[in-house]
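Enquirer: The sequence isn't on hand, but the structure is:
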């Protein structure tokens with residue numbers, strides 16, 4: 001919720017606003033309540049103890065600060081922008097509520113929607129803090145004097161905010177990945193179901209070819225018998241009924257199969273798709289120039305129709321896949337009739353030459369083939385071989401099962417798609433780069449401060465140890481050489497210099513972190529000795 005939403009919310013009646021807060025609280029799970037309470041307790045314990053021992057605050061001040069910390073930690077869920085403004089003000093320049101305010105700043109970076117809004121909110125918070133602290137004026141006059149504060153801001157304020165932005169982007173990316181994964185799984189299951197239904201329609205068409213042929217024979221034979229003049233008269237009505245029933249059954253079978261499979265598959269060629277037609281299928285494939293070895297025996301009479309059709313489809317699908325994905329490779333087809341089962345196997349060798357652009361594969365044909373073998377009561381295996389080839393093998397019973405096995409789970413079907421998952425991750429990457437840049441910038445700034453300004457700062461202990469009257473050479477040996485920036489930025493606030501004296505100006509090494517003022521030291525020399533030293537504050 002942003003400032004505009006906050007103004008809209010407070011303009012409502014208090015009762016309506018309170019009901020909205022209660023509703024949101026009811027939607028929060030018990031686990032979230034426990035985590036939130038534990039987080040607030042840890043933050044309050046750390047910050048209040050720090051205020052008590054380090055800043056020596058009274059009990060009333062500690063209670064007030066604890067209430068402010070707890071309020072901001074709670075308000076951050078509803079008003080992240082306002083919580084960000086308050087947190088930055090407390091943390092910089094007043095230096096209170098360290099851990100609690102860092103949590104609030106992190107959460108603001110996580111909750112504020114959009115990089116533009118987040119950047120505007122953070123910029124506004126920093127601008128207000130610079131104005132309140134007085135560092136905005138100091139920054140314009142002498143940037144070096146506020147460099148330590150800017151390094152602190154980079155490390156303590158901007159970094160948790162950017163980490164929150166990165167975590168939010170990562171969370172949204174994870175949600176997008178999960179959504180796309182569910183969508184792909186749903187689509188994969190739908191395609192697998194369609195492949196199985198298409199194979200069932202093929203089975204229905206095969207059954208129509210076989211049963212229709214037999215019903216037609218019954219009708220023709222009954223008609224031939226009916227022409228025999230030596231038949232008793234009482235048999236003629238029965239023969240007429242037999243012929244009529246056979247014709248009606250063939251017509252009904254045609255209607256049912258036509259309703260089940262209105263669209264023909266381009267890969268289905270006309271003819272009887274049984275084990276007897278496998279040699280013709282092999283010869284057709286050999287006509288394309290493919291080297292195919294075929295080992296088989298004549299099929300027995302006890303072979304069921306479903307098994308015979310399944311054997312044909314296994315060889316057909318194996319030849320199709322081999323010619324498509326391994327062009328030029330030698331193929332071997334084997335049909336073995338064991339005493340209790342039929343073994344059908346098709347194996348292709350490794351392609352003789354590397355394939356520059358492999359043909360796309362959805363494995364839908366193998367899914368349909370698995371469905372046909374399942375209905376026939378058999379088992380199918382398809383996969384690569386150690387020599388770089390591919391093997392399709394199935395074991396089929398002679399008799400069809402009374403009841404087909406249960407359908408395979410769609411979630412276990414792997415279509416082996418070649419997909420390209422591309423997501424817009426530039427925002428999250430930018431946040432991570434920004435965090436690294438902040439750390440690097442803060443490190444460079446601190447090193448630069450140590451190199452450029454380290455010579456113009458003097459510890460208070462060293463200042464106290466040098467008495468007035470010490471020889472100038474001895475004092476200069478103890479003091480670092482002051483930089484020009486120190487003379488330009490702090491000399492204007494110093495007391496008047498003694499007459500006929502030359503003075504050196506230094507910043508104190510220990511500076512207050514909660515006020516816009518700085519401590520400076522001055523050493524004045526005359527006639528070869530230290531004649532005056534002063535400590536003063538300047539902005």
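Expert: Noted; the coordinates are in hand. What you are looking at is a predicted structure, and each value in this text was computed from that prediction instead of being measured.
Enquirer: Every contact and neighbour count from this point should use C-alpha atoms.
Expert: Noted.
Enquirer: Could you tell me the average pLDDT over the helix or strand hosting residue 74, please?
Expert: Using DSSP states H and E, residue 74 falls within helix 59-75. The pLDDT scores in helix 59-75 average 73.
Enquirer: For that helix, buried residues please.
Expert: 62, 65-66, 68-70, 72-74 (16 or more other Cα atoms under 10 Å).
Enquirer: and what of stretch 319-326?
Expert: Using 16+ other Cα under 10 Å as the test for burial, stretch 319-326 gives 319, 321-323, 325-326.
Enquirer: Is residue 126 in contact with residue 88, as I believe?
Expert: Yes: applying Cα atoms under 8 Å, one finds residue 126 in contact with residue 88, separated by 7.0 Å.
Enquirer: Counting neighbours, go ahead and name the busier of these two.
Expert: Neighbour totals were compared for residue 126 and residue 88, and residue 88 leads with 27 against 19 (other Cα atoms under 10 Å).
Enquirer: need the contact list for that one.
Expert: Each residue near residue 88 by Cα atoms under 8 Å, 6 or more residues apart in numbering is listed here: 101, 105, 125-126, 129, 157.
Enquirer: tell me the angle the helix or strand where it lies makes with helix 59-75.
Expert: Element membership for residue 88 (DSSP H and E) is helix 80-91. Put simply, helix 80-91 runs at 150 degrees to helix 59-75, going by axes from the mean of the first three to the mean of the last three Cα atoms, to 10 degrees.
Enquirer: Next secondary structure element downstream of helix 80-91?
Expert: Using DSSP H and E, the helix or strand that directly follows helix 80-91 along the chain is helix 98-111.
Enquirer: how big is the angle separating that next one from helix 59-75?
Expert: For helix 98-111 against helix 59-75, the angle by the same axes, to 10 degrees is 20 degrees.
Enquirer: From the contact counts, what lies against helix 98-111?
Expert: helix 30-54, helix 59-75, helix 80-91, helix 159-226 (3 or more Cα pairs under 8 Å, 6 or more residues apart in numbering; DSSP states H and E).
Enquirer: tell me the mean pLDDT over the first one?
Expert: Taken as a whole, helix 30-54 has a mean pLDDT of 71.
Enquirer: helices or strands up against that helix?
Expert: If contacts are counted by 3+ Cα pairs under 8 Å, 6+ apart, helix 30-54 sits against helix 59-75, helix 98-111.
Enquirer: can you put these in JSON lines and add distance to residue 239?
Expert: Shown next, in JSON lines, are these (distance: least, Cα to Cα, whole Å):
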{"stretch": "helix 59-75", "distance to residue 239": "92"}
{"stretch": "helix 98-111", "distance to residue 239": "85"}
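Enquirer: Tell me which of those helices lies nearest to residue 285.
Expert: helix 98-111 (62.7 Å; Cα to Cα).
Enquirer: can you list contacts of the closest one?
Expert: By Cα under 8 Å, 6+ apart, the list of residues contacting helix 98-111 reads 40, 43-44, 46-47, 69, 72-73, 76-77, 80-81, 83-84, 87-88, 90-91, 118, 156-157, 160-168.
Enquirer: how does it look with 6 Å?
Expert: Residues outside helix 98-111 that contact it (Cα atoms under 6 Å, 6 or more residues apart in numbering) are 43, 80, 84, 87, 160-161, 164-165, 168.
Enquirer: try stretch 278-287
Expert: Residues contacting stretch 278-287 (Cα under 6 Å, 6+ apart): residue 312.
Enquirer: ditto for stretch 114-125
Expert: Against stretch 114-125 from outside (Cα under 6 Å, 6+ apart): 85, 112.
Enquirer: can we see that at 10 Å?
Expert: Identification of contacts with stretch 114-125 by Cα atoms under 10 Å, 6 or more residues apart in numbering yields 2-3, 80-89, 105, 108-112, 127-130, 157-158, 161-162, 165, 169, 427, 431.
Enquirer: got the buried residues for that stretch?
Expert: Buried residues in stretch 114-125 (16+ other Cα under 10 Å): 118, 121-122, 125.
Enquirer: any chance you could map the strands in the chain?
Expert: 292-295, 331-337, 342-348, 379-384, 390-396, 457-458, 502-508, 518-526, 529-538 (DSSP state E).
Enquirer: Now the fifth one: average pLDDT?
Expert: When you say that, I think you mean strand 390-396. Average pLDDT, strand 390-396: 92.
Enquirer: just checking, what packs against it?
Expert: Under the contact definition 3 or more Cα pairs under 10 Å, 6 or more residues apart in numbering; DSSP states H and E, strand 390-396 sits against helix 305-325, strand 331-337, strand 342-348, helix 364-375, strand 379-384.
Enquirer: I'd like these written out as JSON lines, with mean pLDDT and distance to residue 531 added.
Expert: Formatted as JSON lines, the helices and strands packed on strand 390-396 follow (pLDDT from 0 to 100; distance: least, Cα to Cα, whole Å):
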{"stretch": "helix 305-325", "mean pLDDT": "85", "distance to residue 531": "97"}
{"stretch": "strand 331-337", "mean pLDDT": "91", "distance to residue 531": "106"}
{"stretch": "strand 342-348", "mean pLDDT": "92", "distance to residue 531": "102"}
{"stretch": "helix 364-375", "mean pLDDT": "80", "distance to residue 531": "97"}
{"stretch": "strand 379-384", "mean pLDDT": "90", "distance to residue 531": "95"}
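Enquirer: between the ones you listed, which gets nearest to residue 473?
Expert: Each of the helices and strands packed on strand 390-396 has some distance to residue 473 by Cα to Cα; the shortest is strand 379-384, at 88.5 Å.
Enquirer: Which other helices and strands does the closest one contact?
Expert: Helices and strands touching strand 379-384, by 3+ Cα pairs under 10 Å, 6+ apart, are strand 342-348, helix 364-375, strand 390-396.
Enquirer: what about 8 Å?
Expert: helix 364-375, strand 390-396.
Enquirer: Direction included, what does it pair up with?
Expert: strand 390-396 (antiparallel) (DSSP bridges).
Enquirer: before we move on, the earlier item: dump the buried residues of stretch 114-125 to TSV, plus pLDDT and distance to residue 339.
Expert: Converted to TSV, these look like this (pLDDT from 0 to 100; distance: Cα to Cα, whole Å):
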residue	pLDDT	distance to residue 339
118	79	76
121	79	81
122	78	81
125	78	86
